[in-house]
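[1] Sequence first, predicted coordinates after that:
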Amino acid sequence: MKFFAVLILSCIAIMFFNFQKPPPFDLKASVKRGQEIYISNCISCHMEKGEGLEGVYPPLAKSDYLMADKKRSIIQIIKGVSGPMKVNGIDYNGEMAATDLTDQEVSDVLNYVRNSFSNKGAAVTPTEVKAARK
């Protein structure tokens, strides 16, 4: 009888843990990780405070272009971007190389830039990045 009680409790415990929702996305932790990625990969062009270099490297600070289209930003980090764009009313026509960042790293760096430099944006999750790769 003890064996069956333990077996039943074990089954209930397994079912309980299998039906648990994943923990909520931790934007604060993602932003912190993203800062390190930004320093390693982005700061040389977009500068320490995201101000860029007018006419050469677009700003990320208070950037209308960055904040207007989350999916576009994801794709541009993954695949790179070239050609004309207008950011905060200024024309740019440069190139940013594709990256080899993981889904988590793309999520983190975008969460950093979208929530720094006077920007305030919704979280970018690794799931969204993975979907954008298709």
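    All right, it came through fine.

[2] How are the helices of this structure distributed by residue range?
    2-18, 27-41, 43-46, 64-68, 70-79, 103-113, 126-132 (DSSP state H).

[3] Could you identify which of those has the lowest mean pLDDT?
    Lowest mean pLDDT of the helices of the chain: helix 2-18, a mean of 61.

[4] got the contact list for stretch 109-122?
    27, 30-31, 33-35, 37-38, 41-42, 46, 49-51, 59-63, 66-67, 70, 73-74, 77, 101, 123-124 (Cβ atoms under 8 Å, 6 or more residues apart in numbering). The way it works is simple: take the backbone N, C-alpha and C, and place the C-beta from them, glycine included.

[5] Which ChimeraX command selects the buried ones in those?
    Applying 16 or more other Cβ atoms under 10 Å to the contacts of stretch 109-122 leaves a buried subset, and the ChimeraX line that selects it is:
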select :27,30,31,33,34,35,37,38,41,42,46,50,59,60,61,63,66,67,70,73,74,77,101,123,124
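
[6] Residue nearest the middle of the protein, spatially speaking?
    In the chain, the residue lying closest to the centroid (Cα atoms, centre = their mean) is Ser107, at 2.1 Å.

[7] Contact partners for it?
    Per Cβ under 8 Å, 6+ apart, neighbours of Ser107: 30, 34, 123-126, 128-129.

[8] coming back round to it: who wins for proximity to Gly89 among the helices of the chain?
    Set against Gly89 and scored by Cβ to Cβ, the helices of the chain come closest in helix 64-68, at 8.1 Å.

[9] Next, the residues that contact that closest one from outside, please.
    58, 60, 73, 85-88, 113-114, 119, 121.

[10] at 10 Å what do you get?
    50, 58-60, 72-73, 76, 85-90, 92, 110, 113-114, 117, 119-122 (Cβ atoms under 10 Å, 6 or more residues apart in numbering).

[11] Same question for stretch 21-35.
    By Cβ under 10 Å, 6+ apart, stretch 21-35 touches 38, 42-43, 104-116, 121-127.
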